[in-house]
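[1] return a 3D structure for these sequence lines:
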Amino acid sequence: MVKNELDAIIVALRECGCDVVQADFITLIVGRGATHEGSGDGQTYLLQYGDRELSDDQVTFFRNWRGHFAVVTTPFDALDAVGIIDER
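    Model prediction:
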């Protein structure tokens, strides 16, 4: 059962084959594309849910982060951030 928008985001990502982990520092860590055996070109995405401001620690981290990061508020935003919307 989907209780809120964050739950809807997680369900949408998982239904498209993504691995999704909720974390403290960043809302979601999303894995996409690699097999569980470690082969393939997997990608990791860091997604921050909501429109609240990032903490000072988060701002510092993401200034130096070379990977993918996006702020999302809807399932559409999340699917677009991990490149699934472009494939449909």
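[2] what ranges do the helices span in this structure?
    Ranges of helices in the chain, per DSSP state H, are 5-15, 56-64, 75-81.
[3] tabulate those helices (TSV), appending mean pLDDT.
    Shown next, in TSV, are the helices of the chain (pLDDT from 0 to 100):
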stretch	mean pLDDT
helix 5-15	95
helix 56-64	89
helix 75-81	95
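[4] tell me which of these sits nearest to Leu47.
    helix 75-81 (6.0 Å; Cβ to Cβ). To be clear about C-beta, it is placed using only N, CA and C from the backbone, and glycine gets the same treatment.
[5] now for that closest one, which elements pack on it?
    Packed against helix 75-81 by the contact rule (3 or more Cβ pairs under 8 Å, 6 or more residues apart in numbering; DSSP states H and E) you find helix 5-15, strand 43-49, strand 68-72.
[6] and the ones you listed, which is most packed in?
    strand 43-49 (a mean of 19; mean count of other Cβ atoms under 10 Å).
[7] mind listing the strands that one pairs with, and their directions?
    strand 28-32 (antiparallel), strand 68-72 (parallel) (DSSP bridges).
[8] how far does the first one sit from its chain's centre?
    Using Cα atoms, centre = their mean, to the nearest Å, the mean C-alpha position of strand 28-32 is found 5 Å from that of the whole chain.
[9] again with stretch 6-26
    6 Å.
[10] cool, and stretch 13-30?
    On Cα atoms, centre = their mean, the centre of stretch 13-30 falls 5 Å from the chain's centre.
[11] what lies in contact with it?
    6, 9-10, 31-32, 44-50, 57-58, 61, 69, 75, 78-79, 82, 84 (Cβ atoms under 8 Å, 6 or more residues apart in numbering).
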